[in-house]
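Enquirer: all I have is the shape, not the residue letters:
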């Protein structure tokens, strides 16, 4: 029995009343564009498409020649079909409405034209990621703001992976399905219907080179994975990392695992590495439709209300039980920090004493606790800290015990005091002058 083609699959979905004719047309056109990109990728150096393009995208990243080519292919293919109102690309500063000379449709298309393109020169699998939204009713010329819809509003999502074989993985909101490009026929054929991600796993994908930049909850979670059967998890884990999200997620959809790109303080101004609209949302929809889960480490990705077209988020997605476990580490850490902050506030209210300068100063321990909370939660110091500590000269060393990670907290404390002298009392913890 022959395998059904993507065209047949989409027509059957339309006849069953699950998709509109315009959405069928949109997915068909995207798949044709992916075939063209696949041909360009497969030529490699023979096609003269490797190397840098000499330009940068809106994120300040150097563009590869194939980034630019793939972006142009998708724009051109979708401009004239009458199914699209506008599109947005990771490679463009702003969304782009359909040109005036072509009819406009009801859908918005977002895409990362070539995810993992930094690996293309070394022949690692790369791919195209896409997401489809409905344009708000009554919108004649959609702008960036019309794309800012939560992931739950996606009507379709998918990716095309260019590896040993070219595969299109697609969801229309009821299951995740994989199609393989039969090059002789030039058709995508259904090779795996209703993909399922195992609920449990012993594999994780993460860039360990960033470990020193992670927040404490992430450090703790990965430490427990590395401890294996000798640690609290009671089993060994294997690590896999391709540095191409499409390739890593495809492995997870095929055999399970968890993909993690957490927040880190390497660039603390960024709330994450991956783009919500072009990467996190479509991949989360695919994984959830296959029985997996996807969070930021704290909340479900598909529930996030976007505020910017190129917004970034942390990503944890894959096998449901492992994603939930990783999320638990972060939620419990947040609860502990909130309780610590509440305790510090309560103790501050009880320990405020007049200083020689006439203002209120906290005890050394309370200031250190406050600074610890500020560092852990990345917030500004509490307003209860004395603003006139510069009247008291000196830095201090505090006997807090090993559970307070003494040396680093002393450094924090010294920085907080900014070479000032603290008003010391005998009932506060001991201090000594630094030379």
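Expert: Great, that's in hand. The structure displayed is predicted, hence computed values, not measured ones.

Enquirer: buried residues of the helix or strand harbouring residue 75, list them for me.
Expert: Secondary structure from DSSP states H and E places residue 75 in helix 65-78. Going by neighbour count (16 or more other CB atoms under 10 Å), the buried part of helix 65-78 is 65-71, 73-75, 77-78. Using the backbone N, CA and C atoms, a C-beta is placed for each residue, glycine as well.

Enquirer: what mean pLDDT does that helix get?
Expert: If you average the pLDDT over helix 65-78, you get 94.

Enquirer: that helix packs against which elements?
Expert: helix 21-43, strand 52-56, strand 84-89, strand 107-115, strand 126-134 (3 or more CB pairs under 8 Å, 6 or more residues apart in numbering; DSSP states H and E).

Enquirer: skipping adjacent residues, who's closest to residue 248 in space?
Expert: Excluding the flanking residues, the one nearest residue 248 by CB to CB, 6 or more residues apart in numbering is residue 205, at 4.6 Å.

Enquirer: surely the one you found and residue 237 touch.
Expert: No: under the criterion of CB atoms under 8 Å, residue 205 is not in contact with residue 237, lying 10.9 Å apart.

Enquirer: who touches the residue found closest to residue 132 once you drop the neighbours it is linked to in the chain in this structure?
Expert: Take residue 132 and drop its neighbours on the chain: the residue closest to it by CB to CB, 6+ apart is residue 156, 4.1 Å away. Counting by CB atoms under 8 Å, 6 or more residues apart in numbering, residue 156 makes contact with 19, 23, 26-27, 131-132, 170-173.

Enquirer: just residue 322 next, same as before
Expert: Going by CB under 8 Å, 6+ apart, residue 322 touches 200-201, 204, 257-258.

Enquirer: now do the SS call for it.
Expert: Under DSSP: H, G, I helix; E, B strand; the rest coil, residue 322 falls in the helix class.

Enquirer: how far away is it from residue 298?
Expert: Remark: distance between residue 322 and residue 298 (CB to CB, to the nearest Å) = 16 Å.

Enquirer: report pLDDT for residue 122.
Expert: Reported pLDDT for residue 122: 88.

Enquirer: and residue 94, how many neighbours?
Expert: A total of 13 residues lie near residue 94 under the criterion other CB atoms under 10 Å.

Enquirer: neighbours around residue 177, how many?
Expert: 22.

Enquirer: coming back round to it: most neighbours among the contacts of residue 156, which one?
Expert: Among the contacts of residue 156, residue 131 has the most neighbours (other CB under 10 Å), with 30 neighbours.

Enquirer: pairing partners for that one in the sheet, please.
Expert: residue 110, residue 157 (DSSP bridges).

Enquirer: that one: what's it in contact with?
Expert: 109-111, 151, 154, 156-157, 277-278, 281-282, 285.

Enquirer: now stretch 134-153: buried residues?
Expert: Here stretch 134-153 shows 134-135, 139, 142, 146-151 as buried, counting by 16+ other CB under 10 Å.
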